[in-house]
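Asks: No sequence on hand, only this structure:
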């Protein structure tokens, strides 16, 4: 049951390829063997950039030497996470098609508030690593737009929050957030 939380390098065929000093460079996993690590793919421009998202007391994107752990393939991400003494839980894989989200908010058709919030939350976790600002929200200046989208999510209703209409202004601002988030991903 707990074997997904422990990664034994002596049993790993790639162990010889991962020097000890590389394993020691990981910033955000250090000794946290109980953290779940999930792959998050950002699809854009015909490719997917994969990141390792850590779910523990403080959810975050796994980083190494101050940069997000990422790869252009699932196998590459497995290798990068193994270098940090971790293992990915592929059953919790997420794939965010940011270009489709941008298109839907641009036209105001087929907008899925949950997907916008998921993307915004992930971009916040990524931004915290890239900007070296562990407590900042990505586009905190647009929190009223975040709140409008969040109010439309299922979780908001379960905790008793009132639903707020998503305006054209909110859609335009969400597009900015998603475009800037995509630019951040593509610059890594």
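Replies: Looks like it arrived, so ask away. This is a predicted model, so every value here is computed, not measured.
Asks: pretty sure residue 76 contacts residue 51?
Replies: No. Counting by CB atoms under 8 Å, residue 76 stays clear of residue 51, with 11.4 Å between them. C-beta: built from backbone N, CA, C; applies to glycine.
Asks: Of the two, give the one with the bigger neighbour count.
Replies: More crowded of residue 76 and residue 51, by other CB atoms under 10 Å: residue 51, with 26 against 12.
Asks: Quick check: next helix or strand after the helix or strand the more buried one falls within?
Replies: Using DSSP states H and E, residue 51 maps to strand 47-55. Using DSSP H and E, the helix or strand that directly follows strand 47-55 along the chain is strand 60-61.
Asks: who does that next one pair up with?
Replies: If you go by DSSP bridges, strand 60-61 pairs up with strand 47-55 (antiparallel).
Asks: Residue 157 versus the residue nearest to the spatial centre of the chain, what's the distance?
Replies: Taking CA atoms, centre = their mean, the centroid of the chain lies closest to residue 122, which sits 3.7 Å from it. Residue 122 sits at a distance of 22 Å from residue 157 (criterion: CB to CB, to the nearest Å).
Asks: Now do the nearest residue to residue 122 once chain neighbours are set aside against residue 188, distance only.
Replies: Distances taken as CB to CB, 6 or more residues apart in numbering place residue 40 nearest to residue 122, at 5.9 Å, with adjacent residues excluded. Computed as CB to CB, the residue 40 to residue 188 distance reads 13 Å.
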